[in-house]
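Student: just coords:
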């Protein structure tokens with residue numbers, strides 16, 4: 001840092017350099033703080049857990065195949081049923097396991113009214129998992 005020479009008559013010139021030493025000091029202090037606190041942030045409890053081997057259980061929820069043909073007839077797993085019977089079976093299936101899936105197969109010419117009735121009865125019974133089965137071979 002020069003402010004001029006030893007000549008008392010000379011005018012001091014403005015300083016055109018930035019003093020970075022205080023900035024470096026601050027950065028070193030921050031670096032030390034981060035180095036000290038970083039291990040504290042990753043603190044964990046060391047445990048020696050027991051070893052055990054098992055196979056995962058594959059518990060798939062039950063499913064029901066509900067088929068509606070072109071005439072509107074309804075089949076519960078291949079057995080023809082009327083509306084009061086499928087309502088009773090839906091309620092029983094929902095009580096047995098709330099995860100029961102309803103796989104709905106409907107003919108392409110089935111009236112929407114028949115499908116809507118089945119869906120409404122399923123919702124009322126508590127069957128919330130409904131899937132529509134389609135034929136991928138018939139897709140264009």
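Tutor: Structure received. Small disclaimer: the values here were computed from a predicted structure and weren't measured.
Student: Show me the helices in this protein, by range?
Tutor: All helices of the chain, identified by DSSP state H, fall at 21-41, 83-96, 112-125.
Student: buried ones in the first one?
Tutor: So that's helix 21-41. In terms of neighbour count (16 or more other C-beta atoms under 10 Å), helix 21-41 has no buried residues at all. The C-beta positions use only the backbone N, C-alpha and C, and glycine is treated the same way.
Student: hmm, back to that, could I get the helices of the chain as TSV with distance to residue 68 and mean pLDDT?
Tutor: TSV is the format used below for those (distance: least, C-beta to C-beta, whole Å; pLDDT from 0 to 100):
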stretch	distance to residue 68	mean pLDDT
helix 21-41	60	88
helix 83-96	10	90
helix 112-125	5	90
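Student: Mind putting the ones you listed into TSV with distance to residue 74?
Tutor: Formatted as TSV, the helices of the chain follow (distance: least, C-beta to C-beta, whole Å):
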stretch	distance to residue 74
helix 21-41	61
helix 83-96	6
helix 112-125	7
